[in-house]
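Chemist: Sequence unavailable; structure follows:
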């Protein structure tokens, strides 16, 4: 069953209003698939958004925030209560593994073995436990990611190195065709079953209802929460 979303929100809609309606729509989508809405976590992706918007989202009840760049995340997340989870969702650069281990609660985008090994080494150096997701490549338009068939073996290797592989993440194909998106998400869900872990992070602002139908336990949303994304020059995208 596909969810018919409400009318699009615009820049004049507040973050609190977007979050409230989003929770209602997520609950509706979950119930339509005989799922418990409480099983689905929402990660607010704050790329290019001002720090004030992150705190507004926290005040509205969001408790997980995702950033693509380490250097942008550190000042933006400074001062957030510890009840707020900090997720890294960008490309993992091995030379920044120490900062990632120190600053993030979950690294969602381990897209190759050497990235995971770098994080494991950094975690051992800090004598800390690090949670990660394996990023699966399920789309011809996506450059990064582990082939689903290879993911279980890589997960086993990283667990042996001390990493907590908490599940998998994937980015859907760049298409408006629901059937193509569903096929890709089901491929990720099948790989997730073989990898193991509690988190299946599928779905973004344009395709999250399909992700929920395919078993996603975590959706990553930017414009659905913050509204139109500002460019670096400050103009909404």
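Modeler: Received it, and whenever you're ready, just let me know what you need. Keep in mind the model is a prediction, meaning the values are calculated, not measured.
Chemist: Quick check, central residue of this protein?
Modeler: Nearest to the geometric centre of the chain sits residue 220, at 4.3 Å (CA atoms, centre = their mean).
Chemist: so that residue sits in a strand?
Modeler: Yes - assessed by DSSP: H, G, I helix; E, B strand; the rest coil, residue 220 belongs to a strand.
Chemist: Wait, it touches residue 43, no?
Modeler: Yes - counting by CB atoms under 8 Å, residue 220 does reach residue 43; the two are 4.7 Å apart. From N, CA and C alone the C-beta is placed, and that goes for glycine too.
Chemist: Find the residues that touch each one of the two.
Modeler: Common neighbours of residue 220 and residue 43 (criterion: CB atoms under 8 Å, 6 or more residues apart in numbering): 66, 89, 201.
Chemist: Tell me the spacing between the residue nearest to residue 68 when sequence neighbours are not counted and residue 192.
Modeler: Spatially, and ignoring its direct neighbours in sequence, residue 68 is nearest to residue 90 (3.3 Å; CB to CB, 6 or more residues apart in numbering). Residue 90 sits 21 Å away from residue 192, going by CB to CB, to the nearest Å.
Chemist: ok, now residue 221?
Modeler: Note on residue 221: its distance to residue 192, by CB to CB, is 20 Å.
Chemist: When these two are compared, which one has more neighbours?
Modeler: residue 192 (27 against 22; other CB atoms under 10 Å).
Chemist: residue ranges for the helices of this protein, please.
Modeler: 15-32, 51-59, 70-77, 97-103, 113-126, 151-160, 178-195, 208-213, 223-226 (DSSP state H).
Chemist: from the middle of its chain, how far away would the fifth one be?
Modeler: Between the centre of helix 113-126 and the centre of its chain there are 20 Å (CA atoms, centre = their mean, to the nearest Å).
Chemist: Ok, the last one next?
Modeler: Averaged C-alpha coordinates place helix 223-226 at 14 Å from its chain's average position (CA atoms, centre = their mean).
Chemist: Likewise for the third one?
Modeler: In terms of CA atoms, centre = their mean, the centre of helix 70-77 is set 16 Å apart from its chain centre.
Chemist: one step back: among the shared contacts of residue 220 and residue 43, which one sits closest to residue 32?
Modeler: The closest of the shared contacts of residue 220 and residue 43 to residue 32 turns out to be residue 201 (CB to CB; 20.5 Å).
Chemist: sorry, back to before: name all residues that make contact with the residue nearest to the centre of the chain.
Modeler: 43, 45, 66, 89, 108, 201, 203, 204.
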